[in-house]
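Visitor: no FASTA, just this:
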């Protein structure tokens, strides 16, 4: 195994409202709040556990052509650079969705153009 789904990212108007809702639905807790207003929720054991976390990201309006939900993956058996090479060899391609270039993750598109991110964090295989 080389990757696991580590986060599901949902663009939304009111991250705090959705965090409260999904915490109740899934019996999750708030794991982190970012300066940009994003709220990450997940199981009590936190990021990298058996279940992916849910990152609720503030977004006033949906971006044309981009889904409001995308997958973040984390390598399990190699570093981010090696995993990026592997994903590109499999047919992923870099995607520009307006990132600054300072991000710690890589934005990629699968062969059909679906956007996903490769995070820097490495998590254990299950």
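Guide: Done, it's in. Being a predicted model, the structure only gives us computed values, none of them experimental.
Visitor: elements contacting the helix or strand residue 21 falls within?
Guide: Remark: residue 21 resides in helix 15-26, with elements defined by DSSP states H and E. The contact analysis (3 or more C-beta pairs under 8 Å, 6 or more residues apart in numbering; DSSP states H and E) places helix 15-26 against strand 29-33, strand 39-42, strand 53-58. C-betas here are computed from N, CA, C, even on glycine.
Visitor: now it against strand 53-58, angle please.
Guide: 150 degrees (axes from the mean of the first three to the mean of the last three C-alpha atoms, to 10 degrees).
Visitor: Can you point out the buried residues in helix 15-26?
Guide: For helix 15-26, the neighbour count (16 or more other C-beta atoms under 10 Å) marks 15, 18, 19, 22, 23 as buried.
Visitor: Can I get those residues in TSV including pLDDT and distance to residue 124?
Guide: Formatted as TSV, the buried residues of helix 15-26 follow (pLDDT from 0 to 100; distance: C-beta to C-beta, whole Å):
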residue	pLDDT	distance to residue 124
15	92	28
18	88	28
19	92	26
22	88	25
23	91	25
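Visitor: Just flag the most distant two among these.
Guide: 15 and 23 (11.8 Å; C-beta to C-beta).
Visitor: Please identify every residue contacting each of those two.
Guide: Here residue 15 and residue 23 share no contacting residue, scored by C-beta atoms under 8 Å, 6 or more residues apart in numbering.
Visitor: I'd like the average pLDDT over stretch 84-102.
Guide: Stretch 84-102 carries an average pLDDT of 92.
Visitor: neighbouring contacts of it?
Guide: By C-beta under 8 Å, 6+ apart, stretch 84-102 touches 2-3, 63, 66, 78, 106-111, 115, 118.
Visitor: Considering those residues, which is situated nearest to residue 52?
Guide: Distances from residue 52 to the contacts of stretch 84-102, taken by C-beta to C-beta, are shortest for residue 3, at 11.7 Å.
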